[in-house]
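A.B. asks: Mind folding the following:
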Amino acid sequence: MELKLIPFWILLLSSSSGILGGDVSLYEYFQGDGITEGLTANGDEFKLNGKDLKILSGSFHYFRVHPSFWKTRLQQFKAAGLNTVDVYVPWNLHEPQRGEFDFGDGSSQFSPFLNITLFLEMIRDEDMLALLRPGPYICGEWEFGGIPGWMLHDHPMFFRSSFGPYQERAEIILHEVISRVKHLQFYTESGSKGGPLIMTQIENEYGNYGYGDHPRDKEHLKFLKSVLRQEGIETLLFTSDTPTLTGDWGNIDYELMTANFKWKSEQELQRIKELRPNAPILVSEFWPGWFDHWFEPNHNILSEEDFRVILGNIFNANGSVNFYMFHGGTNFAFMNGANILGFNGVEASPSYVPDVTSYDYDAPLTESGQYTAKYNATAEMIAAYDPLYDLLSHPPMPAIAPASTYSDVSFTEFIPYWDIIEKIPEQFREVLAKPTPMEKLEINNGNGQSYGYIVYRKTLPLLPGMVLKIRGHPRDLVQVMVNGVEVNPPVLSVGDLLRNFGSWAVRDAEFELLSHLEGCEAGCTLDLMVENLGRANFGSPHNFEQRKGLWEGDVLLDDQPLDDWEHIAVEMKPEWLATLDNWQPYSLEDNLHYGPRLLKGSLTVDVPVPENGLLPDTFFDYDCDEGCMDWKHGAVFVNGFNIGRYHQAGPQKSLYIPGPLLHEGENEIIVFENYLGSDVMKFTNIPNYGRPVKHV
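C.D. replies: Predicted coordinates for the structure are as follows:
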């Protein structure tokens, strides 16, 4: 999309102009002579320590933004007139395996992103408050709504319910989170005071979790509320839903109800006031843009004009607001979520739709933190609306360096599919009678496999004309290899998605084996490689049966079930990639057949390093004229960091590379390409999210 960016020289001028507005900090004003109470929600106004407060908040997911950018992004929030930051907490990153917790001291690529205590302290240091949304389910277009994949190892598992085994784990993660943040509350009766936390959410959009107007499992919400209180949360509690759709179905004990919406803003505001006439209005999610799915034709946006109208309606209703998102960030690695198309449990083809890697969201700040026209609109409208604006201090807009176009990367080494699989250690292989989902494997200390790819392997005689059949739907994308050579066509377009063998959209798909069967009369190795493209983060209760791989039914050859499959977990973790030593010289001309492969090259960075030590951001361009279209589908690793997936199906056609991942000199670039790939990677300084179209 075409972004209306503020020229860099104007930002430099702004940065040198000093503090804008008044000279009183938010904490000086609200602490006064001492803190005697927290946030209250009685009547038409929120009050913090007895003083009126308009909550002007923006959502910021610390796990989607490189921590080197946290401070600057928060300063950008503050400069826009925001006084609060909305914070989701991803359970799956903080507990990657059962009983193993990571709050910044782990060994995964995400560990540096996970110090939530530091992040909240930084919010306080930048003179803002915080809304905490600890889940344990968060939605957020995040993998499985933040629920760990290992929770699917045990069956049955009834998520987001009063089911004992689920609530047991939910209580444990809430304890771990709250123990690290409860001292940062603005007010507690007998403990610490002066922190940023003023509100805490109970679960997330629970009114949507059910069928029709059937009662929701409110006992589960009461359980979560009791855990929050027992663990030491004393802030105001709230729930969030879309009022005209689900009323108060997701609310308990008359805790504060808030509203989520974009369109029909006047009706939603009227309905929330009808439901809670004696409480102030908080739009906990005003959606200033939207997210995208792979295979969609367009990039979903909200125009500046519509943005102004909706925000104006909220302000005209004397409302407070949280922009979801104010800065979206990126679904790094394999952390994108997905949706189930349909309504009220009735699905529509192709049913499952995975989210793209970018979480730009058409937000006021772009994926890489650049300013937009919506940012300017936000600052302008808040300055006119916030009664405290002229009293409280506001920093200047930080200067944000533009992205750069680095020199091309030439790929000189590769590992073909067969050799990749040969490097999977024995502890990640299991022989099971029937095809089994990745989560049910006993690897990773009994936690199963959560992300990546799983190979189902069997050696058997194969003849031309034999018909391979997968009962049910594959979860999600299947590539068929015979002795390491792919034999089924790729899934690269909507047409492929709806008809090709290997697509999740095709139930009980059949494929006739015709090619690459020489010598297979005596036996060849048949591999079915299945990619987990991301678990759904939103839907009806039955949609949370999000096991990945082949498990809905048998795999048959000429109508005969095939048993005793070797299951090979290809998690594609960066630390495993670093151990590979079987790289071979690469020539694109000699490898024009479709099939998975690893490619390796080096990005030479020879630009001067700025004073802040951070090199400019850039974007992998897979939509250019010269060789870029050969990048079909895969994932990119920059100096061992998985920056996420790409796919020619679009709409996204560039992949964000944060500058902090790069360093002077040689930078290792590894690509796992599912189908073809190129011998050159090009970069651009302009993101390509697809053709912008208003989302309705």
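
A.B. asks: Strands of the stretch 351-500 of the chain, start to end?
C.D. replies: Here the stretch 351-500 of the chain has its strands, by DSSP state E, counting those that start in this stretch, at 393-394, 409-416, 429-432, 453-460, 467-470, 477-482, 485-486.

A.B. asks: out of those, deepest packed?
C.D. replies: Ranked by mean neighbour count, the strands of the stretch 351-500 of the chain are led by strand 477-482 with a mean of 22 (mean count of other C-beta atoms under 10 Å). All C-beta atoms are positioned from the backbone trio N, CA, C, and that covers glycine.

A.B. asks: which helices and strands sit right next to it?
C.D. replies: Helices and strands touching strand 477-482, by 3 or more C-beta pairs under 8 Å, 6 or more residues apart in numbering; DSSP states H and E, are strand 524-531.

A.B. asks: Residues contacting the strand it packs on, please?
C.D. replies: With contacts defined as C-beta atoms under 8 Å, 6 or more residues apart in numbering, strand 524-531 is touched by 417, 421, 452-462, 470, 474-484, 517, 548-550, 555, 570, 596, 674.

A.B. asks: Thr72: neighbour count?
C.D. replies: For Thr72, the count of nearby residues is 17 (other C-beta atoms under 10 Å).

A.B. asks: can you confirm it is in a helix?
C.D. replies: Yes: using DSSP: H, G, I helix; E, B strand; the rest coil, the assignment for Thr72 is a helix.

A.B. asks: From Val494, how far off is it?
C.D. replies: Look at Thr72 and Val494: by C-beta to C-beta, to the nearest Å, they are 39 Å apart.

A.B. asks: Next: Gly81.
C.D. replies: Gly81 sits 42 Å away from Val494, going by C-beta to C-beta.

A.B. asks: neighbour-wise, which of these two wins?
C.D. replies: Gly81 (23 against 14).

A.B. asks: I'd like to know how many residues surround the nearest residue to Pro215 once chain neighbours are set aside.
C.D. replies: Nearest non-adjacent residue to Pro215, counting by C-beta to C-beta, 6 or more residues apart in numbering: Trp249, 7.7 Å away. Counted by other C-beta under 10 Å, the residues lying close to Trp249 total 18.

A.B. asks: what does Gly191 give?
C.D. replies: The number of residues packed near Gly191 is 11, by other C-beta under 10 Å.

A.B. asks: try the one 3 residues further on
C.D. replies: A total of 15 residues lie near Gly194 under the criterion other C-beta under 10 Å.

A.B. asks: Ok, Ala348 next?
C.D. replies: So Ala348, with other C-beta under 10 Å, has 9 neighbours.

A.B. asks: In a helix, it, correct?
C.D. replies: No: using three-state DSSP, the assignment for Ala348 is strand, not a helix.

A.B. asks: Roughly how far does Glu380 sit from Leu388?
C.D. replies: Taking C-beta to C-beta as the measure, Glu380 and Leu388 are separated by 16 Å.

A.B. asks: Apologies, that question was intended for Arg691.
C.D. replies: As judged by C-beta to C-beta, Arg691 and Leu388 stand 41 Å apart.

A.B. asks: go on, Thr372?
C.D. replies: For Thr372, the distance to Leu388 - C-beta to C-beta - is 25 Å.

A.B. asks: Neighbour count: those two, which is higher?
C.D. replies: Relative neighbour count places Thr372 above the other of Thr372 and Leu388, with 22 against 19, counting by other C-beta under 10 Å.

A.B. asks: what about the helices in the stretch 151-300 of the chain?
C.D. replies: In order along the chain, the stretch 151-300 of the chain carries the following helices (DSSP state H, counting those that start in this stretch): 164-181, 218-231, 243-246, 265-275.

A.B. asks: which residues are contacting the last one?
C.D. replies: It stands for helix 265-275. 242-244, 247-248, 257-259, 261, 281, 283, 309-310, 313-314, 317, 319.

A.B. asks: Check stretch 27-35 too.
C.D. replies: 48-49, 51, 53, 124, 127, 186-187, 193-194, 388, 391-392.

A.B. asks: In these, which residue is surrounded by the most others?
C.D. replies: Of all the contacts of stretch 27-35, the highest neighbour tally under other C-beta under 10 Å goes to Phe186, namely 27 neighbours.

A.B. asks: My understanding was that that one contacts Pro196; is that so?
C.D. replies: Yes: using C-beta atoms under 8 Å, Phe186 is in contact with Pro196, at 6.8 Å.

A.B. asks: Give the residues shared as contacts by the two.
C.D. replies: Contacts common to Phe186 and Pro196, judged by C-beta under 8 Å, 6+ apart, are Leu129.

A.B. asks: sorry, back to before: filter the contacts of helix 265-275 down to just the buried residues.
C.D. replies: Buried members of those, counted by 16 or more other C-beta atoms under 10 Å: 242-243, 247, 257-259, 261, 281, 283, 310, 313-314, 317, 319.

A.B. asks: Quick check: end-to-end length of stretch 616-635?
C.D. replies: For stretch 616-635, the first-to-last residue distance is 21 Å (C-alpha to C-alpha, to the nearest Å).

A.B. asks: buried ones in that stretch?
C.D. replies: Quick answer for stretch 616-635 (16+ other C-beta under 10 Å): 616-624, 627-628, 630-635.

A.B. asks: same thing with stretch 390-410?
C.D. replies: Neighbour-count burial for stretch 390-410 flags 392-401, 403-404, 406, 409 (criterion: 16+ other C-beta under 10 Å).

A.B. asks: Can you lay out the residues you listed as JSON lines showing pLDDT and distance to Phe110?
C.D. replies: Converted to JSON lines, those look like this (pLDDT from 0 to 100; distance: C-beta to C-beta, whole Å):
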{"residue": "Leu392", "pLDDT": "97", "distance to Phe110": "35"}
{"residue": "Ser393", "pLDDT": "96", "distance to Phe110": "34"}
{"residue": "His394", "pLDDT": "95", "distance to Phe110": "32"}
{"residue": "Pro395", "pLDDT": "96", "distance to Phe110": "29"}
{"residue": "Pro396", "pLDDT": "97", "distance to Phe110": "32"}
{"residue": "Met397", "pLDDT": "98", "distance to Phe110": "29"}
{"residue": "Pro398", "pLDDT": "97", "distance to Phe110": "25"}
{"residue": "Ala399", "pLDDT": "96", "distance to Phe110": "28"}
{"residue": "Ile400", "pLDDT": "97", "distance to Phe110": "24"}
{"residue": "Ala401", "pLDDT": "95", "distance to Phe110": "25"}
{"residue": "Ala403", "pLDDT": "97", "distance to Phe110": "23"}
{"residue": "Ser404", "pLDDT": "97", "distance to Phe110": "25"}
{"residue": "Tyr406", "pLDDT": "97", "distance to Phe110": "25"}
{"residue": "Val409", "pLDDT": "98", "distance to Phe110": "25"}
